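Asker: Sequence plus predicted model, see below.
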Amino acid sequence: MDMRTITFLAIKKNLVNGLKERMGKTSFDLIDVDKVKCVGCGRCVKDCPAGCLFIENGKAEIRKTICIDCGHCYAICPTGAVTMKEHSVLEENVVSPSVIESNSLLAFMKSRRSVRQFTKETIEAEKIEMILEAGRYSPTAANAQDVSYIVLGARQQELERECVRIFRFWKKLLTPFVSIVRNIEVTDDFFFKGAPLVVVVTSKAPINAGLASSYMELMATSLELGVLYSGFFVICAKHSRKIRKILALDKGKKVVSCLVIGRTVVKYQRIPPRKKISVKTL
C-alpha cells in the first residue's frame, strides 16, 4: 500500500467519523433564519462551508444537510437574521476591531519563553477563566470543538508524585546506556515546578488541542503569567494507565499537552536567536 493510499484512507476515516458524530444534527436542527430581518444579500450563502443555505424569492432558505455548526452565517449576517438554535447569544457578540498593532504583537510573540521557575502565589479565578476561554475559541478542524480541559487542582501533587516515581525508575534503567540522562535530576517538583495551576489539554484530534494550547499560552503570557509545556507529563500519561484513570479522560480523547502556569520569578532581558527560517516557494 503506497503513501497516497494510506493518506486517502486516513482522511476518509477522519471525515467519516466526523460526519457520523454530526449525523444526528442537520442545518434544520442548528440554524434558523428570520424572514422579516433577512434582506437576501446572500452573504451567508457565500460564506457557508457546508452549503446549508441558498437564496430563494429574495430570502435565505435552509437546505436540509449536515451542518458543522460553525456560526459563520450568524457572524456575517448584517441584519442579525440568523439564529444558532443550540447556543445562547454572547454579551460581547460584536466582532472586536483590529486594535493590536502588528509589530507589537510579533515582538510579544517572540518574547515568550518556556518558564521553569514559579512562585506559589495563587492565580485569580478570572484569569483562569480567560485562559480557558481563549482555548475554547481556538479553531478546530471541521468545527469539532472537541477539546477538553482538565485542571489538576487537588490531584496535582498526587499526579506529580506518580510521574516522579515513573521517571526515576526510567532514569535508573536508562542511565547506563544514555549519557544525557545521567545529568537530569528528577526532583520532587520535576514536572510542575511548584506552579499553582496545571491544565491538561485533551482532544481526539491532536491539532485541535495543540491550537487551543497555543491560544491559552498567549493569553496567559498577556496576563503576566509564565507557561511551561510539560512534555514529560504527556509521556507519562501515554504510558501510565493509573494516570489516565485519575484524569478520567473522555472516550476517544488523548492527552495532547500539559500547561504549567504561574507567576514567574525570572525576567528575561532579551530575545534569543532562532535557526534560519526554512521557507520553500513552489
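Answerer: That came in fine, so what should we check first?
Asker: now the residue nearest the centre of the chain: how far from L228?
Answerer: Among the residues of the chain, the smallest C-alpha distance to the mean C-alpha position (Cα atoms, centre = their mean) belongs to A212, namely 1.6 Å. Taken as Cβ to Cβ, to the nearest Å, the spacing of A212 relative to L228 amounts to 16 Å. Backbone N, C-alpha and C define where each C-beta goes, glycine included.
Asker: Ok, T65 next?
Answerer: Using Cβ to Cβ, one obtains 44 Å as the distance from T65 to L228.
Asker: Compare those two and say which is more crowded by neighbours.
Answerer: Per other Cβ atoms under 10 Å, whichever of T65 and L228 has more neighbours is L228, with 24 against 13.
Asker: Let me know the secondary structure of the more buried one.
Answerer: When the structure is reduced to helix, strand and coil (DSSP: H, G, I helix; E, B strand; the rest coil), L228 reads as strand.
Asker: Y74 is in what secondary structure piece?
Answerer: Here Y74, judged by DSSP states H and E, is contained in helix 72-76.
Asker: Which strands or helices does that helix pack on?
Answerer: Helix 72-76 makes packing contacts with helix 43-47, strand 82-84 when contacts are defined by 3 or more Cβ pairs under 8 Å, 6 or more residues apart in numbering; DSSP states H and E.
Asker: Give the residue spans of the chain that score low on pLDDT.
Answerer: Within the chain, the stretches falling below the threshold (pLDDT under 70) are 1, 6-24, 90-93, 97-98.
Asker: Where do the strands of the stretch 101-250 of the chain begin and end?
Answerer: Chain-ordered strands for the stretch 101-250 of the chain, with DSSP state E, counting those that start in this stretch as the definition, fall at 148-151, 197-203, 226-229.
Asker: could those strands be laid out in a markdown table, adding distance to C258?
Answerer: Rendered in a markdown table, the data for the strands of the stretch 101-250 of the chain read as follows (distance: least, Cβ to Cβ, whole Å):
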| stretch | distance to C258 |
| --- | --- |
| strand 148-151 | 9 |
| strand 197-203 | 5 |
| strand 226-229 | 7 |
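Asker: quick one: V33 from K85, how far?
Answerer: From V33 over to K85 the distance is 11 Å, taken as Cβ to Cβ.
Asker: In terms of neighbours, single out the busier of these two.
Answerer: Between V33 and K85, counting by other Cβ under 10 Å, V33 is the more crowded of the two (18 against 11).
Asker: hang on, the more buried one packs against E56?
Answerer: No: with contacts defined as Cβ atoms under 8 Å, V33 does not count as touching E56, sitting 11.1 Å away.
Asker: residues contacting the residue nearest to the centre of the chain?
Answerer: 135-136, 138, 140, 147, 201, 203 (Cβ atoms under 8 Å, 6 or more residues apart in numbering).
Asker: Swap in 6 Å and give it another go.
Answerer: Residues in contact with A212, defined by Cβ atoms under 6 Å, 6 or more residues apart in numbering, are 135, 138, 147, 201.
Asker: Which of these sits closest to F232?
Answerer: V201 (15.3 Å; Cβ to Cβ).
Asker: For the closest one, which residues count as its bridge partners?
Answerer: Counting by DSSP bridges, V201 forms beta bridges with Y149, S257.
Asker: So what's the residue count around it?
Answerer: Residues lying near V201 (other Cβ under 10 Å) number 26.
Asker: pull the CA atoms of stretch 101-110 into CSV?
Answerer: Taking C-alpha atoms only, stretch 101-110 is exported to CSV below (Å, rounded to 0.1, in the frame of the first residue of the first chain):
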residue,chain,number,x,y,z
GLU,A,101,-0.5,46.7,16.3
SER,A,102,1.2,44.0,14.2
ASN,A,103,4.8,44.8,15.1
SER,A,104,3.9,44.9,18.8
LEU,A,105,2.1,41.5,18.5
LEU,A,106,5.1,40.0,16.7
ALA,A,107,7.5,41.3,19.4
PHE,A,108,5.2,39.9,22.1
MET,A,109,5.1,36.5,20.5
LYS,A,110,8.9,36.5,20.1
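Asker: Ends of stretch 170-183, what's the gap?
Answerer: Distance between the boundary residues of stretch 170-183 (Cα to Cα, to the nearest Å) amounts to 14 Å.
Asker: So for it, what gets flagged as buried?
Answerer: Buried residues in stretch 170-183, counting neighbours by 16 or more other Cβ atoms under 10 Å, are found at V181.
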